[in-house]
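Colleague: I'll drop the sequence and a predicted model, then ask my questions.
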Amino acid sequence: MMALRKVFGIIGLCGGMACAASSAWADIVEASEPASAEKAGNSKPAQKNWFSDIDLGLQIEGGAMGNSGHPKNGMNFGQLLPSRSDSGTLNQVSLTITKPVDPIGGGYGLGANIQMLYGSDSQSYIITGISDRWMSGSRYQLTPIQANVALHMPWLTKGGLDAQLGILPSPMGVEVLNPAARAFYTMSYTAQFSNPFEHVGFYGQWHIGDHYAALFGVDAGNQKSFGRGNNNGQPAGYIGFNASQIAGGALSVTYLLRVGPEDPRRLLGSARAHEAQRFWNDINATWQINPKWTLTAEATQVHDEGLKADTWSGVVWGGYSATSTLTFNARAEVYRDTTGLIVTQYPGDGSYAQTLLGKPALVYNAAPTTYGDLSFNAVWRPHVGHHVKLLQIRPEIRFDRSLNGSRPFADFRHSSRILIGGDATIGF
């Protein structure tokens, strides 16, 4: 028989190390042996109710990052989540309802995911046409992160097709929104400016064998929905592959190409906005060197025909699990923004959403810059119990520098800066 397990739900804990994007495309079908009672010839166990394994989760995150430049505008330039300098913030209050994919007969499986997010992080994860007007005048906003149906279909191959339809987190990249599933409180330039965030659409994963899968999908655009919520009225999509647990189970690799128009018609005009494509390329790999050491690497390249803008980047994470509750991480990145149009800061509470739709908004952009950043942290996850599923504390220090002599930091006065602080997360 085949046993179905959850996919596309909230990404599980990663022991403090960065999780590769392949986790978002994890297998949901795995072979299993018949239950021991069946082997012994006893009666089959009673079937569970399809609704019996619905899981409800609550997770809260808050933190602060002090800025060595003490910018007068109060912004940590190049940081969308801990965007405010020298002040604390409630990043996330996340409520999640997960129905794991369970058999519904004929080899098919059905599940669902709903996740609502409240907090300052929601400003950067809104979906136009859905949540961009809900609390647009507030620093703390509300947005759906997931509202989708997950399916398994036993088509063509032994592993079949896994699919997800609705509001979906982007499958591209390493660092994700969930603080329990990424190594650092701050995020790389790559994750913020060269990886999409949210989609309304469809994703599929077709299993070619035990370790390989073809990936594909179509959606309304990065953080776009339909109707007035679509900035150019055209779809975009993904194609790629995943190789999981190869090389003796130590290595996983994911490549995704995303193509589609992303620039608003208000900026380029309807005809140009419809035809100008944005090409996103991302490849990442995770190598479990041994039970203590993990290495993850990511390389990206983005070209936007409408903005005539290009970026490229490389990021490396290293993680050392000192104990079952303590992990040390390091991250190094080089990120090139050739025009200065991609790395953007949004000081207004509704600036991010307005920019997605091509409406006037207050934003900050630096000159063309090659960014270098180096980050170190510790992740402590003590075992608390008493219905507390997660307690995570992450002190962090981050060094940013312009490698080409520009001055993007501290009100465009400095070529370098230091961020120091951290966050705490509790989950039930």
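Modeller: Structure's in. What do you need? Since the structure is predicted, the reported quantities are computational estimates derived from the model, not experimental observations. Residues are numbered from 1 along each chain as shown.

Colleague: can you pull the contacts of P71?
Modeller: Applying CB atoms under 8 Å, 6 or more residues apart in numbering to P71 gives the contacts F77, S85, F409, A410, D411. C-beta here means a position set from N, CA and C on the backbone, and glycine is covered the same way.

Colleague: so what's W50 closest to, chain neighbours aside?
Modeller: Excluding its sequence neighbours, the residue lying closest to W50 (CB to CB, 6 or more residues apart in numbering) is D102, at 5.9 Å.

Colleague: partners of that neighbour in the sheet?
Modeller: Note on D102: beta-bridge partners by DSSP bridges are L110.

Colleague: so what's it up against?
Modeller: Residues near D102 by CB under 8 Å, 6+ apart: L4, W50, D53, G109, L110, G111.

Colleague: Which of the contacts of P71 fall in helices?
Modeller: Using DSSP state H, no member of those sits in helices.

Colleague: Top of the residues you listed by number of neighbours, please.
Modeller: Within the contacts of P71, most neighbours by other CB atoms under 10 Å means F409, with 27 neighbours.

Colleague: Run a quick check on it versus I418, I expect a contact.
Modeller: No: look at F409 against I418 with CB atoms under 8 Å: they stay out of range, at 9.8 Å.

Colleague: Find residues that contact each of the two.
Modeller: By CB under 8 Å, 6+ apart, the residues touching both F409 and I418 are D400.

Colleague: How about K99: what's its closest non-neighbour residue?
Modeller: A112 (4.4 Å).

Colleague: for the one you found, what are its contacts?
Modeller: A112 touches I97, T98, K99, N148, V149, A150, counting by CB under 8 Å, 6+ apart.

Colleague: Dump those to CSV, plus neighbour count, distance to I426 and secondary structure.
Modeller: Listed next are the contacts of A112 as CSV, based on neighbours: other CB atoms under 10 Å; distance: CB to CB, whole Å; DSSP: H, G, I helix; E, B strand; the rest coil:
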residue, neighbour count, distance to I426, secondary structure
I97, 16, 19, strand
T98, 20, 18, strand
K99, 19, 24, strand
N148, 25, 26, strand
V149, 15, 29, strand
A150, 26, 27, strand
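
Colleague: can you give me the offset of stretch 319-331 from its chain's centre?
Modeller: Taking CA atoms, centre = their mean, to the nearest Å, one finds stretch 319-331 lying 21 Å from the centre of the chain it belongs to.

Colleague: pull the CA atoms of it into CSV?
Modeller: Output of stretch 319-331 as CSV, limited to C-alpha atoms (Å, rounded to 0.1, in the frame of the first residue of the first chain):
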residue,chain,number,x,y,z
GLY,A,319,25.6,25.4,9.8
TYR,A,320,27.1,23.6,12.8
SER,A,321,24.8,21.7,15.2
ALA,A,322,26.7,21.9,18.5
THR,A,323,23.9,20.2,20.5
SER,A,324,20.3,19.1,19.9
THR,A,325,19.2,22.6,20.9
LEU,A,326,22.1,24.9,19.8
THR,A,327,23.2,25.7,16.2
PHE,A,328,25.7,28.2,14.9
ASN,A,329,25.3,29.6,11.4
ALA,A,330,27.3,31.8,9.0
ARG,A,331,26.2,33.3,5.7
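
Colleague: Give me the residues contacting that stretch.
Modeller: Stretch 319-331 has contacts (CB under 8 Å, 6+ apart) with 15-18, 183-184, 188, 291-296, 315-318, 373-383.

Colleague: State the distance from the residue nearest in space to the middle of the chain to Q277.
Modeller: Centroid check for the chain by CA atoms, centre = their mean gives V176 as the closest residue, at 2.8 Å. Distance of V176 to Q277, computed by CB to CB, to the nearest Å: 25 Å.

Colleague: Verify the stated contact: G111 with A150.
Modeller: Yes: counting by CB under 8 Å, A150 is a contact partner of G111 at 4.1 Å.

Colleague: can you pull the alpha-carbon coordinates of the helix or strand encompassing I60 into PDB?
Modeller: Per DSSP states H and E: I60 is located in strand 55-67. Only the C-alpha atoms of strand 55-67 are listed here, as PDB (Å, rounded to 0.1, in the frame of the first residue of the first chain):
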ATOM      1  CA  ASP A  55      -3.700  20.600  12.800                       C
ATOM      2  CA  LEU A  56      -4.000  24.200  14.200                       C
ATOM      3  CA  GLY A  57      -0.900  26.200  14.800                       C
ATOM      4  CA  LEU A  58       0.000  29.600  16.300                       C
ATOM      5  CA  GLN A  59       3.400  31.100  15.900                       C
ATOM      6  CA  ILE A  60       4.600  34.600  17.100                       C
ATOM      7  CA  GLU A  61       7.900  36.300  16.200                       C
ATOM      8  CA  GLY A  62       9.400  39.700  17.200                       C
ATOM      9  CA  GLY A  63      12.800  41.200  17.000                       C
ATOM     10  CA  ALA A  64      15.000  44.200  16.500                       C
ATOM     11  CA  MET A  65      18.200  45.100  14.600                       C
ATOM     12  CA  GLY A  66      20.400  48.000  15.700                       C
ATOM     13  CA  ASN A  67      22.100  49.900  12.900                       C
END
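
Colleague: what mean pLDDT does it have?
Modeller: When pLDDT is averaged over strand 55-67, the result is 96.
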